[in-house]
Each structure stands twice: as structure tokens, then as C-alpha cells.
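*Asks:* Give the three-dimensional model of this entry:
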Amino acid sequence: MDLLARLKSDAKRWRTALALLAIVTIAGVFHSIWVIGAFLTIVFIVASKEAIALFGFGNDIKLWLASAAVWLAAIFYPRPIEALVLTILIAASIVAFDQKRDLKIAMPILYPAAPLLFLFSLYAEFGIGAYVWLLIVVLSCDVGAYYTGKTLGKTPFSPSSPNKTIEGVAGGVTAATILGTIVGILSPIKMNGVDISIGFWEIAAITALCAIASIFGDLFESYLKRKAGVKDSGKILPGHGGALDRIDGYLFAGVVLLFGLRLAAL
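*Replies:* Below is the predicted model of the structure:
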């Protein structure tokens, strides 16, 4: 199937993607700590429910409510990552005390709660410019990997995702590094409201690492789905599957971008 035919066959996928892009754009235009916090909370509500099912807990409403309570407590706490670590320590203590629970109950906190909290911290520290940068990197990596893999892909990349090829990965990372570097240069990056200057090679390196992280974010979610024996994490997004299917790359790349910007700002 050539590229034009592939684009036509993916019409539903593109319609959903454009609708999501419109929602993200609206949130970005009217951005504030409250708007971004509310947006990420909605994402968490859907994604955590999917993750709990992937981890083998089915529709465990108690675990979902506990995860939601942790999320809300962490997002309102000045240092959300510290709140997250404290929660994991509490979970470990409960498991050690009664030995009737599996430490696996902490997994929904580690994924997707932890990466989403890093995304919240990314906005809080570096502003909307960092989000625009991240969006372009992951989006171009996804599109580049998908269409390069479909047209040129021959060599399998990993058993966790049989449809992913080395050629597709290379195409995605290349596209993301080029476009992401351009956007990284043009994006106004602020640290706690103050403009910071980042050199070209630093931007290029951070972008490339984020693109690679995006690939492995997608791969990790594919691994979870294969272990759970499902094709998609959910059905909420026509042509894409679930919320986790759409945000998996951002969960890994966002953490890398936050670390990269913190290092660049030293």
C-alpha cells in the first residue's frame, strides 16, 4: 500500500487526531496552572482506569478511587513527586504488614500517575513553550515512525511490538529530531517565569532523547497490552484505541524533557 492509499485508509485515525489536537490547542491557548491541572486530571481519570485493567485488576473501583485520591492529593501539593514517593512507601508498608496484598497495587501510581505528575511539573516549571516542544516531538515521532514503518519497514524492532520496525523507528526519531529542534529553538522556554537560553546542540540532544523516549513509551505500553492479551488499552478514541494508546509516548518523553531542561538550566 502506497503512502497516499495509507493516508486515505487512516481517515478515522486522522479525524480523531485532529479533534484531540483541537482540544489540546484550546487548553494551550487558555493555559494556566488550573487549566493544565484540570486537563491532566481528566487524562488521568481515563488512563488510570485503563492501566488498572492492563495490570490485571479488571474494573477494581476501589483501586481506581485510591489512585484518584493520590493524584488529587499530589497535584495540589507544592511538590507532587514527593507526595508520590510517600504514597509508594505507604503502599509498600501495607503490603509488608499484612502480606495479603501484592506490591503490584502500586503499579497504577508508577504508571500513569508518576509520568503525568512529571508532565504537570514540566508546565509548572517551564511553561507552555515546553509543552509545545514536547507535542511536536512526540507527534512527529509517531507520524514519522508509523508511515515510514508502513512504507519501508522490514526489520522487526522488538518482540513487544511486532508491527514496529527499525526502519520505522529511525524514520520517527529522525523526523522528530529535525522538527523538534526547530520548535525547541523557536519556543519561548521560561523557568519559573524567567526566560532561559539553551544552546542549539543542547536543544538538538534533548529533542533526540525525547524522541527515543517516546518510542520506548509506546513500546512499554505495547508490552503491557501483550501481557494483558488485548489489542488496545481502551475504546474511547476511534482509530486509536484508549487514552494510554494516545499518550504513551508523552509519558516517557515528558520525563526526559523535564530532566533535560533542568540540566540545561543549571
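*Asks:* use CA for all of it now, contacts and neighbours both
*Replies:* Noted.
*Asks:* Ignoring the adjacent residues along the chain, who's closest to Gly234?
*Replies:* Gly242 (3.7 Å; C-alpha to C-alpha, 6 or more residues apart in numbering).
*Asks:* How many neighbouring residues does that neighbour have?
*Replies:* For Gly242, the count of nearby residues is 18 (other C-alpha atoms under 10 Å).
*Asks:* Work out the gap between whichever strand or helix holds Ile203 and the centre of the chain.
*Replies:* Assigned by DSSP states H and E, Ile203 falls within helix 200-228. Its chain's C-alpha centre and that of helix 200-228 lie 9 Å apart, by C-alpha atoms, centre = their mean, to the nearest Å.
*Asks:* likewise stretch 184-200?
*Replies:* 22 Å.
*Asks:* Flag every buried residue along that stretch.
*Replies:* Neighbour-count burial for stretch 184-200 flags 184-185, 188-191 (criterion: 16 or more other C-alpha atoms under 10 Å).
*Asks:* Now the two most distant members of the residues you listed.
*Replies:* Ile185 and Met191 (15.3 Å; C-alpha to C-alpha).
*Asks:* re earlier: OK, contacts around the residue nearest to Gly234?
*Replies:* 47, 50, 232-236 (C-alpha atoms under 8 Å, 6 or more residues apart in numbering).
*Asks:* switch to 6 Å and redo it
*Replies:* Counting by C-alpha atoms under 6 Å, 6 or more residues apart in numbering, Gly242 touches 233-236.
*Asks:* List buried residues within those residues.
*Replies:* Buried, going by 16+ other C-alpha under 10 Å: 233-234, out of these.
*Asks:* Surely Pro115 and Leu251 touch.
*Replies:* Yes. With contact defined as C-alpha atoms under 6 Å, Pro115 and Leu251 form a contacting pair (5.1 Å).
*Asks:* now the buried residues of stretch 184-200 in JSON lines, with secondary structure and pLDDT?
*Replies:* As requested, those are exported to JSON lines (DSSP: H, G, I helix; E, B strand; the rest coil; pLDDT from 0 to 100):
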{"residue": "Gly184", "secondary structure": "helix", "pLDDT": "91"}
{"residue": "Ile185", "secondary structure": "helix", "pLDDT": "91"}
{"residue": "Pro188", "secondary structure": "coil", "pLDDT": "77"}
{"residue": "Ile189", "secondary structure": "coil", "pLDDT": "79"}
{"residue": "Lys190", "secondary structure": "strand", "pLDDT": "76"}
{"residue": "Met191", "secondary structure": "strand", "pLDDT": "78"}
